[in-house]
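> Next input, structure requested:
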Amino acid sequence: MNAVLVRLPRRNVLVGADAIRMAIALCLPFADSPWQMLCLVFVLQCASATFTPTFQSVIPLVLPDEDDFTQALSLSRLAYDLEAIVSPVLAAVLLLVVQSNTLFVGTALGFAGSAALVLAAVLPKALGLSSQADDQLRPFTIRVRSGILHFVHHPGLRPILALNFVNAAAFSLVLVHTVVIVRAELGLNKSMVAVFLGVSGAGSMVAALLLPRVLHSVKERTIMLPAAWLLVGSSGLAGLTLLTCSGATELVVLAVLWFVIGIASSSIQTPIGRIIRRNTPTDGLSAAFTAQFSLSHACWLISYPLAGVLGLVGLATTAFVLAGLASVAAILATVLWRSESGSKRLEVVGANAAEGRRT
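Residues are numbered from 1 along each chain as shown. Got it, this is the predicted structure:
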C-alpha cells in the first residue's frame, strides 16, 4: 500500500485510513455470513497496515531530537500495551449495560477521533508527499521492494530482521498458548487468562517507561541483544516449568516468566524506530517503516501457526522448540551486529588513511 499511495500527502493517507476503518467498523454489525465478515476484516487490516507504518514514519520528522523521538516511541509502545490490556476489560464491562452492536459504534467514533486529531495536528512542511519526486517516478515493482531491499542491504538494519523473529517465536508462546496453559494446565477460570496477559503487558509497559532514560546513555545493541537472549531463556524455562512443576509453584513461576517476556519483548521492539531512522534517509522512512511492519508480521505469520501446531504435541515441547528457534535467530542477530561493527571500523580506518594521505 505504501508503494500505491506514494504520491499522496501523508496526512491524507492517515485520515483516509481512519475513514476506511471507521466505515468498516460501522458495517461489521450488518455482516451476516462468514465470507462477509472475512472480507470486512481483511479491508480493516489493510487500512491498519497502511496507517501504522505511515504514522511511524511521520514521528521522526515531527520530532527530530533523538531524545524526544525515543520518548515518543516509548509512549507509543505504552499506548499499544494499554489498549491490549484495557480494551477487552472495557468491552466486557460495556456489554453488561449495552448491546454488542453498540461497541462497533464506539470503535467507529475512536477512528473518527483519530482522524480529527491528525487533521488538527500541525505538521512540518516537509511532510508533503510521502516521498520525493524521484521516488514517485520509479516503477511500481521497485517501489514495492525498496524498503525490504534497504533492510537486506544495509548492515545497520540486518540485525532487526533476526530480532523480529526472536520476538515473534518467543512471544507466540504467550499469545497462542496462554489460554491453554491457564485453563487446561493450571485449571484456572477465564478471568485468569486476562490476568496472565495483563502481567505480560505490565512487563512491556515497565520496559517502555524505563527505556528512554536507559537509551540516553547506552546503545540500542546493549539493550536489544540481552533482551533477545532473555526471551530465549524465558521460553526455555517456561518449557521446563511446564514439564517439572505443578500447582502454586507452576502458577507463580509462569506468571514471573510472562512478566519477563513482556519486558524483553518491549526492549526489542521499542528501540527499533531509532535504528531505522539512523540508517535511513528522510525520503526513505515511509518505505523502511512499511518494510519493518511487513517483515515483523511475516515472522508472526510463521511463528504463530507453528506454535499452534506444536501445541498438539505438548506445551513443554512447544516452548522448547520455540526457544530453540529463537536462539538460532538470536545468534544470527549477534553475528550480524558484530559484522556491522566490523564494517564501521573498516570505514573509520579507511577514512583516517585517506585523511592521512591528503595531509
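
> Nearest spatial neighbour of residue 225, chain-adjacent residues omitted?
Spatial nearest neighbour of residue 225, excluding adjacent residues (C-beta to C-beta, 6 or more residues apart in numbering): residue 334 at 6.0 Å. Glycine gets a C-beta too; all of them are placed from N, C-alpha and C.

> Which stretches in the stretch 251-359 of the chain count as helices?
Remark: helices assigned in the stretch 251-359 of the chain by DSSP state H, counting those that start in this stretch are 272-278, 285-310, 315-358.

> Can you give me the buried ones in the second one?
Same thing as helix 285-310. Along helix 285-310, these residues count as buried under the neighbour rule (16 or more other C-beta atoms under 10 Å): 285-296, 299-300, 303-304, 306-307, 310.

> now do the shortest one
Of the residues in helix 272-278, those with enough neighbours to count as buried (16+ other C-beta under 10 Å) are 272, 273, 274, 275, 276, 277.

> Mean confidence (pLDDT) on it, please.
Summarised as a single mean, pLDDT over helix 272-278 is 92.

> related to what we said a few turns ago, can you lay out the helices of the stretch 251-359 of the chain as JSON lines showing distance to residue 158?
As requested, the helices of the stretch 251-359 of the chain are exported to JSON lines (distance: least, C-beta to C-beta, whole Å):
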{"stretch": "helix 272-278", "distance to residue 158": "11"}
{"stretch": "helix 285-310", "distance to residue 158": "11"}
{"stretch": "helix 315-358", "distance to residue 158": "5"}
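
> just so I know, which of those lies nearest residue 109?
With distances scored as C-beta to C-beta, the stretch of the helices of the stretch 251-359 of the chain nearest to residue 109 is helix 285-310 (25.5 Å).

> quick check, distance from the closest one to the centre of its chain.
Counting by C-alpha atoms, centre = their mean, to the nearest Å, helix 285-310 is centred 9 Å from the centre of its parent chain.

> try stretch 167-177
13 Å.

> Pull the CA coordinates from it and hand them back as CSV.
This file holds the C-alpha atoms of stretch 167-177, laid out as CSV (Å, rounded to 0.1, in the frame of the first residue of the first chain):
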residue,chain,number,x,y,z
ASN,A,167,10.4,-11.7,19.4
ALA,A,168,7.8,-13.5,17.3
ALA,A,169,9.0,-17.0,18.3
ALA,A,170,9.1,-16.3,22.0
PHE,A,171,6.0,-14.2,22.3
SER,A,172,3.9,-16.6,20.3
LEU,A,173,4.0,-18.9,23.3
VAL,A,174,2.3,-16.1,25.3
LEU,A,175,-0.3,-15.1,22.7
VAL,A,176,-1.2,-18.6,21.4
HIS,A,177,-1.0,-20.7,24.5
